[in-house]
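*Asks:* Take a look and give me a structure for this.
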Amino acid sequence: MDQDVDSFAAQRLVLVTGPSGAGRSTAINVLEDLGFEAIDNLPLSLIPRLLDGPPRHAPLALGLDVRNRDFSAANVIELIDRLTRLPGFAPEVLYLDCVADVLVRRYNETRRRHPLTPDAAPMAGVLAEIDLLAPIRARADVLVDTTDLSPHDLKAELMQWFDVRPDRRLGLSLHSFSYKRGVPRGLDMMFDCRFLANPHWDAALRPLDGRDPRVQGHVAADPRFAEFFQRTRDLVQFLLPAHTDEGKSHLAVGFGCTGGQHRSVTLVEKMAVALADAGWPVSIRHRELERRAAAAPQAATEVTASSAPMVQRQAS
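*Replies:* Numbers count the residues shown, from 1 in each chain. Predicted coordinates:
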């Protein structure tokens, strides 16, 4: 009995690491938003001293970086083993992974030097770091590949594993996408909107997208829209409590059409309002609109300001 109580009372402790550029800083910020006490770049030798003392009221997340002066794979593994034996703590290793080519591209985009090879090309440092971290990767309790993940996607993934807020409600993310570009990763369910009237064939509506009331009116005028929308909304609302009961913290629902610009965006916009009005925390992502904004930097500010991917709709 005492052992069960001790296990239940163990403080959650997450060690966050991975190659530079894979999203470790983003993960630390997400965990902090989720209620963790987050400390980044603490020397390994100081971690046992940090944990020595009275229990904390919040779970703890510690970022481990190769830039620390005492960082090595052997030292990290020794730390993991030591924490595993430490009473009162439940340590986990979160490893953010990413393929080398994407890490190099991220370094080139930010024009930063790699910490392991500041005077050489980034690829040399990336490969050296991946090799250095391989033993730690093998010990990971949670491994998240961020190769194809945006910061929003990474947050949604981490929420499924680490949301410890006692008053949390299941978070819902709605995604619009183009079938021509493939289905987004991580969707729990998706709906095909290609049977609805397509604004693409109206020359006045073609350059617009599903956030525009004129496009939404065109899609909603399809005789099949109202029943499809109602049945889909009712199905999602029926499933949300069931997933909550199963302990799931996040549900991702996708709506796809041919180009990811008109019909799927319309469905996501309208569904987000309906579900937020019903009391559910809803975030929305328009994948193709985001890609278009990223490809046209001059228009990025306008798209970001007026589109919902960056906005969390919280129930009032």
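*Asks:* For the stretch 201-316 of the chain, just list every one of the helices.
*Replies:* For the stretch 201-316 of the chain, helices defined by DSSP state H, counting those that start in this stretch occupy the ranges 213-220, 225-245, 263-277, 287-295, 297-306.
*Asks:* and those, which one is worst for confidence?
*Replies:* Lowest mean pLDDT within the helices of the stretch 201-316 of the chain: helix 297-306, at a mean of 37.
*Asks:* So for residue 100, which of the helices of the stretch 201-316 of the chain sits nearest?
*Replies:* Proximity to residue 100, assessed across the helices of the stretch 201-316 of the chain by C-beta to C-beta, is greatest for helix 287-295 (21.7 Å). The way it works is simple: take the backbone N, C-alpha and C, and place the C-beta from them, glycine included.
*Asks:* C-alpha coordinates for that closest one, PDB please?
*Replies:* Coordinates of each C-alpha in helix 287-295 appear next as PDB, following Å, rounded to 0.1, in the frame of the first residue of the first chain:
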ATOM      1  CA  ARG A 287      -2.400  24.300 -44.000                       C
ATOM      2  CA  GLU A 288      -2.500  25.500 -47.600                       C
ATOM      3  CA  LEU A 289      -3.100  29.100 -46.600                       C
ATOM      4  CA  GLU A 290      -0.100  29.000 -44.300                       C
ATOM      5  CA  ARG A 291       2.100  27.500 -47.000                       C
ATOM      6  CA  ARG A 292       1.000  30.200 -49.400                       C
ATOM      7  CA  ALA A 293       1.800  32.900 -46.800                       C
ATOM      8  CA  ALA A 294       5.200  31.400 -46.100                       C
ATOM      9  CA  ALA A 295       6.000  31.300 -49.900                       C
END
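*Asks:* what packs against it?
*Replies:* strand 171-178, helix 297-306 (3 or more C-beta pairs under 8 Å, 6 or more residues apart in numbering; DSSP states H and E).
*Asks:* Could you list the buried residues of it?
*Replies:* Buried residues in helix 287-295, counted by 16 or more other C-beta atoms under 10 Å: 287, 288, 289, 290, 292, 293.
*Asks:* Closest to residue 196 out of those residues?
*Replies:* Taking the buried residues of helix 287-295 together and measuring to residue 196 by C-beta to C-beta, the closest member is residue 288, at 16.6 Å.
*Asks:* For the closest residue in space to the closest one that isn't next to it in sequence, give me its contacts.
*Replies:* Distance criterion C-beta to C-beta, 6 or more residues apart in numbering; nearest residue to residue 288, sequence neighbours excluded, is residue 260 at 3.3 Å. The contact partners of residue 260, taken as C-beta atoms under 8 Å, 6 or more residues apart in numbering, are 176, 177, 178, 180, 181, 286, 287, 288, 289.
*Asks:* Quick check: residue 69 vs residue 22, distance?
*Replies:* Plainly put, residue 69 is 21 Å away from residue 22 if you go by C-beta to C-beta, to the nearest Å.
*Asks:* More neighbours: these two, which one.
*Replies:* Higher neighbour count among residue 69 and residue 22: residue 22, with 28 against 7, using other C-beta atoms under 10 Å.
*Asks:* so that one, which of the three states?
*Replies:* coil (DSSP: H, G, I helix; E, B strand; the rest coil).
*Asks:* Thought residue 103 was touching it, still the case?
*Replies:* Yes: between residue 22 and residue 103 there is a contact under C-beta atoms under 8 Å: 6.6 Å.
*Asks:* could you show me where the helices are in the stretch 51-200 of the chain, in order?
*Replies:* Ranges of helices in the stretch 51-200 of the chain, per DSSP H, counting those that start in this stretch, are 73-85, 100-110, 122-138, 151-162.
*Asks:* Out of the buried residues of helix 287-295, which is nearest to residue 190?
*Replies:* residue 287 (12.1 Å).
*Asks:* Would you check how far apart that closest one and residue 209 are?
*Replies:* Computed with C-beta to C-beta, the distance linking residue 287 and residue 209 is 12 Å.
*Asks:* which residues sit against stretch 57-72?
*Replies:* 11-17, 20, 24-25, 27-28, 31-32, 35-45, 47, 51, 76, 115-116, 129, 132-133, 164.
*Asks:* Can you check the distance spanned by it, start to finish?
*Replies:* In stretch 57-72, first residue to last residue: 30 Å (C-alpha to C-alpha, to the nearest Å).
*Asks:* Cool, thanks, signing off.
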